[in-house]
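Asks: below is the sequence, then the predicted model.
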Amino acid sequence: MPTSTPARRAAPRRLRRAVAVSVATAAALLAGAACSGGKVTESAGTRLSSPTAASGSPTATSSPADTATAARLDAAIRQVMRTAGVPGVIAGLWREGQPDYVRAFGVADKQTSAPMATDLHMRIGSETKTFTVTGILQLVDRGELGLDDPVSRYVSGVPDGDRITLRQLARMQSGLYDYTQDPDFVAALEADPERVFTTQELLDYSFRHPLVFTPGTRLVYCDTNTVLLGRVLEEVSGQSLADYFRDHVLGPLEMNATLYPTNARIPEPYAHGYTTQTPNGEETDATNWSPSDANAAGAMISDLEDLRTWAPVVATGAPLIEPATQRQRLRTATSPDFPGAAYGLGLFTAQGWIGHNGSIPGYQSLTLYLPAEKATLVVLLNSDTPYQGTDPSTLLGTAITTVATPDHVFRLGPATGASPSGSGTVSPSGSGTASPGGSGTVSPTGPGTPSPTSSQ
């Protein structure tokens, strides 16, 4: 497993994987947080109107925060932006008993210098996985499928599909080849970043390859897993992903700014996204690139307030998932290449935080919940360009939590980010130790925890 995000276009980096921040990199950034440097503009949340939007849009204001803590957070975020060259950032931190911290920094449009604002839509990349797996778990609760059902029961043509379970797909342990690594897929995407891919096309890029490892024996982050779960969700529910999410996930939570897009358009107001994933490595505006190649693994759009709502739902299950099923979700797999963190069913745990990150050309995101302090952290930014091999969303998460939750400093690494690979052990708590032997054994669930794996 590479220790940095692979280059995009020459090789697919649009894996929506977040790379770990090293302790040294984070420390260097934080040490310089109080230093002067390149100017980073902070917005109090003034709503941005795109060139085609109506003028006179209402404004959104940033929330109050403890003055000293807010100043340290402001400095830490600005330092990461200067160092990593991030155009704009939206950050929100909500802690029980503490003032809210909600800020927008920098620009949403480099061409017009329009400021970033707290109510802009952004692409959220692999955070889409949390929605797709939530849908699968809802079907488990309804008795319409079981986590240990073979995927071949619902989708034909999957290599060794009778040996791969839905649980293994959700926990990145299927052994399926990652379609984003297929040379023909890469060539097609390089030729036209606005191309619209169908689900079957993406799966076909994967299914032409044999399994990479025996199902259940290793942990390798792979977008094929979640795209295939999206197909299962559609087959069993009888609805498209967009309709299912709207009716069963977003609607009940009143997450009206979040959607699974059916085209490349982002609802207004939105921030432009910038990437260096181009043939020559030069930065370009990727706002209108098609997210269809990300599919159920990374195509969704959201905003700060909706992700604030979503963070505790992913971590606790309430009100969408039954407690017993949520306990299954939190049974995580660990890997020697993923120290300090672990992967569950469409989520990761790291230093007490539960959630997911996302990366897609032009945008990155990080949405986390810390049960120990009832804290929610959301970070959105309009760049996916790594700094010294580390994704800026990870740098920002580390910088913010170093200030705000020093007992729970968010880190992914040092070897990988939310892309764990290698062998490991499954733990019901997410704190299991990595198993270099690659046994892939599963620890039993806690007392009185029924297993939602029926309907076999």
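Replies: Done, it's in. Numbers count the residues shown, from 1 in each chain.

Asks: please make it C-alpha for all contacts and neighbour counts, starting now.
Replies: Noted.

Asks: check contacts around the residue nearest to residue 198 when sequence neighbours are not counted.
Replies: Of all residues not flanking residue 198 in the chain, residue 292 sits nearest, at 7.2 Å (C-alpha to C-alpha, 6 or more residues apart in numbering). With contact set as C-alpha atoms under 8 Å, 6 or more residues apart in numbering, residue 292 has these partners: 195, 196, 197, 198, 263, 299.

Asks: tell me how far residue 359 lies from residue 88.
Replies: With distances taken as C-alpha to C-alpha, to the nearest Å, residue 359 is found 15 Å from residue 88.

Asks: and if you look at residue 335?
Replies: 33 Å.

Asks: now do residue 217
Replies: Residue 217 is 41 Å from residue 88, by C-alpha to C-alpha.

Asks: of these two, which one has the most company?
Replies: Using other C-alpha atoms under 10 Å, the more surrounded residue of residue 217 and residue 88 is residue 88, with 28 against 20.

Asks: run through the bridge partners of that one.
Replies: Counting by DSSP bridges, residue 88 forms beta bridges with residue 106.

Asks: give the contact list for it.
Replies: Neighbours of residue 88 in contact, by C-alpha under 8 Å, 6+ apart: 81, 104, 105, 106, 107, 108, 116, 381, 382, 383.

Asks: most neighbours of all those, which one?
Replies: Result: residue 381 is most packed of those (other C-alpha under 10 Å), 34 neighbours.

Asks: that residue contacts residue 363, correct?
Replies: Yes. Using C-alpha atoms under 8 Å, residue 381 is in contact with residue 363, at 5.7 Å.

Asks: shared neighbours of these two, which are they?
Replies: Shared contacts of residue 381 and residue 363 (C-alpha under 8 Å, 6+ apart): residue 122.

Asks: picking that back up, helices - which of the contacts of residue 88 land there?
Replies: Applying DSSP state H to those, the entries found in helices are residue 81.

Asks: pretty sure residue 102 sits in a strand.
Replies: Yes. Residue 102: assigned to a strand according to DSSP: H, G, I helix; E, B strand; the rest coil.

Asks: for the stretch 351-456 of the chain, which spans come out with low pLDDT?
Replies: 413-456 (pLDDT under 70).

Asks: any idea where the helices of it begin and end?
Replies: 392-404 (DSSP state H, counting those that start in this stretch).

Asks: how about the strands in it?
Replies: With strands called from DSSP state E, counting those that start in this stretch, the stretch 351-456 of the chain shows them at 353-360, 363-370, 375-381, 426-427.

Asks: among those strands, which is nearest residue 97?
Replies: strand 375-381 (9.8 Å; C-alpha to C-alpha).

Asks: please work out which residues outside that closest one touch it.
Replies: Under C-alpha under 8 Å, 6+ apart, the answer for strand 375-381 is 86-96, 122, 124, 304, 307-308, 311-312, 363-370, 393, 396-397.

Asks: for PyMOL, what selects the buried ones among the residues you listed?
Replies: Buried residues among the contacts of strand 375-381 (16 or more other C-alpha atoms under 10 Å), as a PyMOL selection:
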select buried, resi 86+87+88+89+90+91+92+93+94+95+122+124+304+307+308+311+312+363+364+365+366+367+368+369+370+393+396+397
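
Asks: burial measure for residue 211, as a count.
Replies: Residues lying near residue 211 (other C-alpha under 10 Å) number 17.

Asks: could you confirm it falls within a strand?
Replies: No. Per three-state DSSP, residue 211 lies outside any strand segment and is coil.
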